[in-house]
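Novice: sharing a model that was predicted from the sequence below.
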Amino acid sequence: LFSWHDSRGMLHPMLKTAALRRINSILSSAGWGNSFGHSFHIGGASFYLSRGVSPEIVHLHGHWRSLVYKAYIR
């Protein structure tokens with residue numbers, strides 16, 4: 001889903017560390033602080049649950065290891 005092409009045209013997947021580094025550079029330049037990635041995980045679960053996706057599907061596809069995601073539903 002998220003990828004980039006290098007100078008030789010080779011396709012590479014976007015790694016979590018690279019994505020967070022870029023996101024944090026944008027947030028920092030706007031004076032908004034940093035993100036640690038977990039907020040995206042919580043936000044994704046909240047988004048899909050609010051759209052009526054089954055909690056079991058959110059749990060499985062979000063790779064949640066426990067039912068703690070239910071505490072983050074906003």
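Specialist: That came in fine, so what should we check first? Note that this is a predicted model, so its numbers are computed, not measured.
Novice: just the helices from this protein, written as ranges.
Specialist: Assigned by DSSP state H, the helices in the chain fall at 16-29, 38-50, 55-61.
Novice: which residues are in contact with the longest one?
Specialist: With CB atoms under 8 Å, 6 or more residues apart in numbering as the test, helix 16-29 has contacts from 2, 33, 34, 35, 36, 37. Where you see a C-beta, it was placed from the backbone N, CA and C, and this is true even at glycine.
Novice: how about the residues you listed, which pair is most distant?
Specialist: Across those, no pair lies farther apart than 2 and 33, at 22.7 Å, counting by CB to CB.
Novice: below-threshold pLDDT in the protein: ranges please.
Specialist: 1, 72-74 (pLDDT under 70).
Novice: quick check: the gap between residue 17 and residue 23.
Specialist: Distance of residue 17 to residue 23, computed by CB to CB, to the nearest Å: 11 Å.
Novice: want to throw the contacts of helix 16-29 into a markdown table with neighbour count and distance to residue 12?
Specialist: Output for the contacts of helix 16-29, formatted as a markdown table (neighbours: other CB atoms under 10 Å; distance: CB to CB, whole Å):
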| residue | neighbour count | distance to residue 12 |
| --- | --- | --- |
| 2 | 9 | 10 |
| 33 | 8 | 28 |
| 34 | 10 | 24 |
| 35 | 14 | 22 |
| 36 | 9 | 23 |
| 37 | 13 | 19 |
